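Enquirer: Give me coordinates for this.
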Amino acid sequence: MFRRDSYRGTVELPENKDAKDVFFRTKQAYANHEKMSVKLVFNAHKLKKLTTYQKGGSEDELENLELYIELGVILGFNTDDAIKIKQSIQLTNDSAHTHFNITKRLKLINKKQKSKADKNYLFWDIENFSGIASIFTQIIEPYDIDDDHIYMAANPDSLYLKRAEWEANLYDYGKTLNSFNFIKCGHGKDVADTLLLENFQSLNLKNANVFMLTFDRDLKERFTACTHESNNLFIMAK
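Expert: Predicted coordinates for the structure are as follows:
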């Protein structure tokens, strides 16, 4: 955790090998009045590589971009280039993930053997995984998940950019975002993730199949930590 009295804000360093370097490079460049750009996060070779699909959904890279963007908010420098790269990475990886078999990637994470369950719930980080057709055909329909057992969330920037696309795809199934427990979030770090988790905790589910659709490592860990042992928690593997 980093705090500085002269700045209004707090950032939490992601737990990956490059986060500290990104933080210190950014802080030093700002202190030296250098030009601020996404090249403080990635070199030219890495930026080019990120235009193609990366195994694991580029989780570490997205975490470090988010760190840089948060520092921009706190210190007052422009991060439009980083936001553009972040959205491009999410779109590239999301497009690739729509073509694989979700059911082969869903893993029972909280126990070795599935126990008996009498209800099914889906918690869906739609901005990280928006392959709507595959989610309906491989999860919602086979498990007969009721609309009121589906919780979805998206942060404002993603909602603004992709809402029309999401609604168009949902229309094929006779649905809209408002057909479900759709959480429209405010601005801030991990707002959508936190609200999804809060909804999950408030339900106090037991003896349920719980599907958590995200590629966000932190959200996976938070769901795993708070799920009741009687539930079967299924989470996307890399």
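Enquirer: State the phi and psi torsions of the closest residue to Gly72 other than its chain neighbours.
Expert: The shortest distance from Gly72 to any residue other than its chain neighbours is 3.6 Å, reached at Thr79 (Cβ to Cβ, 6 or more residues apart in numbering). Heads up, the C-betas are built off the backbone N, CA and C, glycines and all. For Thr79, the backbone dihedrals (degrees, to the nearest 10) come out as phi -120, psi 20.
Enquirer: Check Phe234 too.
Expert: Backbone geometry at Phe234, expressed as degrees, to the nearest 10, gives phi -110, psi 130.
Enquirer: Return the residues in contact with it.
Expert: If a contact means Cβ atoms under 8 Å, 6 or more residues apart in numbering, then Phe234 has 106-109, 209-212 as its contacts.
Enquirer: Next one, pLDDT for it please.
Expert: The per-residue pLDDT reported for Phe234 equals 92.
Enquirer: any low-confidence regions in this structure?
Expert: Low-confidence segments of the chain, defined by pLDDT under 70, are located at 1-9, 52-57, 91-104, 128, 130, 186-192, 237-238.
Enquirer: Got the domain ranges for it?
Expert: Residue ranges of the domains in the chain are recorded as 2-97, 102-236, according to automatic domain parsing.
Enquirer: check which helix or strand covers Leu161.
Expert: Leu161 is part of helix 156-171 when elements are defined by DSSP states H and E.
Enquirer: Tell me the helices and strands packed up against whatever helix or strand comes next after that helix.
Expert: Beyond helix 156-171 on the C-terminal side, the first helix or strand identified by DSSP H and E is strand 181-184. In terms of contacts (3 or more Cβ pairs under 8 Å, 6 or more residues apart in numbering; DSSP states H and E), strand 181-184 is packed against strand 150-154, helix 191-203.
Enquirer: Serialize the ones you listed to JSON lines and add fields for mean neighbour count and distance to Phe223.
Expert: Supplementary listing: these in JSON lines, determined by neighbours: other Cβ atoms under 10 Å; distance: least, Cβ to Cβ, whole Å:
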{"stretch": "strand 150-154", "mean neighbour count": "23", "distance to Phe223": "12"}
{"stretch": "helix 191-203", "mean neighbour count": "17", "distance to Phe223": "7"}
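Enquirer: Nearest to Leu13, out of these?
Expert: In terms of Cβ to Cβ, the element of those nearest to Leu13 is helix 191-203, at 17.0 Å.
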